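Colleague: Next input, structure requested:
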Amino acid sequence: MKSKIITREGYQKLIAEHNRLWKEERPEITKMVAWAASLGDRSDNADYQTNKQALRKIDRRIRFLEVTLRDIKVVDYDPQQEGKAFFGAWVTLEDENGKELKFRIVGPEEIYERKDYISIDSPIARACIGKSVDDEILVKAPYSTDCWIITSVTYA
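Modeller: Coordinates of the predicted model:
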């Protein structure tokens, strides 16, 4: 299986989520399931059914995180990257109409809940890799090719 990459910040967030689910949320839901089960008939017990479903959802996420964390490679900033767009960079682009686009190039597991993060696998990120400020990039979309100029690359 191909190793996935992630930023140090993204890795720490996944670890924190795993720990929160395993040490806080799962024990609390387990207590509620046990309490609801003690009330008797489980087939008509809404508390039992709801909490059991929540427990299954938490367990699925924990298993996903354990597999992901085992197969992931953390990519840290290297000073040799300075001035060029690579994994972990904040990139600002501008098109010919002055429209600006700012994003961070991250791993696929990090893009959720962040509108300013894009996956390294996206066409626009791929077009930026290795480029510097004032470089022109062409991004191929299904029905067009967009032209952008890199106006900023930072790692902070």
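
Colleague: Now do Lys2, the pLDDT please.
Modeller: According to the prediction, Lys2 has pLDDT 58.

Colleague: List the buried residues in whichever strand or helix holds His18.
Modeller: Under the criterion DSSP states H and E, the helix or strand holding His18 is helix 8-20. Within helix 8-20, the residues scored as buried using 16 or more other C-beta atoms under 10 Å are 10-11, 14, 18. The way it works is simple: take the backbone N, C-alpha and C, and place the C-beta from them, glycine included.

Colleague: go on, stretch 87-103?
Modeller: Residues of stretch 87-103 classed as buried by neighbour count (16+ other C-beta under 10 Å): 87-93, 103.

Colleague: between the residues you listed, which is closest to Tyr77?
Modeller: When the buried residues of stretch 87-103 are ranked by distance to Tyr77 (C-beta to C-beta), Gly88 comes first, at 5.7 Å.

Colleague: From His18, how far off is that closest one?
Modeller: Going from Gly88 to His18 by C-beta to C-beta, to the nearest Å gives 22 Å.
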